[in-house]
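S.K.: I would like to see how this sequence folds:
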Amino acid sequence: MWESKYWLIFLAPSQRYLGTCVVAQKKGCKDLSEVETKEWVEFGLIVKKLEESLQTIFNPTLFNWSCFKNATFRGPNPKPEVHWHFIPRYKEEVSFGGLKFKDPDFGYIPQPISRELPPDVQKNLKKKIETQLFK
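M.R.: Got it, this is the predicted structure:
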């Protein structure tokens, strides 16, 4: 969806939590301790922009950010890289593209349950977020 000097932002394949995105570091650090100050500064600006954009579009109750690298170790030759999961959370049901989104575990750790959207809804969601990011 968007690329900065140090980070890539893309819409997550799973939209169990509407508006979930991934912010990935471009140079591929293995651990957070390897992220440089200039990259942290830019990441802070991205956090602000993503949260403001989703707040405008869908008005989530809160935002979760997580940095898990566990999945890479499920296969052979793991290569963990720093990336963040941006997960808007909703106390109340929200709708988009004719679909309803409920958050049955609101107030608790997000569950890794996948929800893929129909391609046209996924495309429209991506476009809606991109449009707000670039305002």
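S.K.: I'd guess Ala24 is in a strand, am I close?
M.R.: Yes: under DSSP: H, G, I helix; E, B strand; the rest coil, Ala24 falls within a strand.
S.K.: what's the distance between Cys29 and Val41?
M.R.: The gap separating Cys29 from Val41 is 15 Å, by C-beta to C-beta, to the nearest Å. Heads up, the C-betas are built off the backbone N, CA and C, glycines and all.
S.K.: who's more crowded, these two?
M.R.: Cys29 (16 against 10; other C-beta atoms under 10 Å).
S.K.: which residues does the closest residue in space to that one that isn't next to it in sequence contact?
M.R.: Setting aside the residues directly before and after it, Cys29 is nearest to Val82 in space (C-beta to C-beta, 6 or more residues apart in numbering), at 4.6 Å. If you count contacts by C-beta atoms under 8 Å, 6 or more residues apart in numbering, Val82 has them with Ala24, Gln25, Gly28, Cys29, Lys30, Asp31, Leu32, Glu34, Val35, Cys67, Lys69.
S.K.: what about the chain, any weak spots by pLDDT?
M.R.: In the predicted model, the chain carries pLDDT under 70 at residues 69-75, 78, 80.
S.K.: for it, longest strand please?
M.R.: For the chain, the strand that runs over the most residues, judged by DSSP state E, is strand 83-89.
S.K.: Give me the sheet partners of that one and which way each runs.
M.R.: strand 21-25 (antiparallel), strand 62-66 (antiparallel) (DSSP bridges).
S.K.: center of this structure - which residue?
M.R.: Cys21 (2.0 Å; C-alpha atoms, centre = their mean).
S.K.: Okay, and the beta partners of that one?
M.R.: Where Cys21 sits in a bridge, its partners, by DSSP bridges, are Leu11, Phe86.
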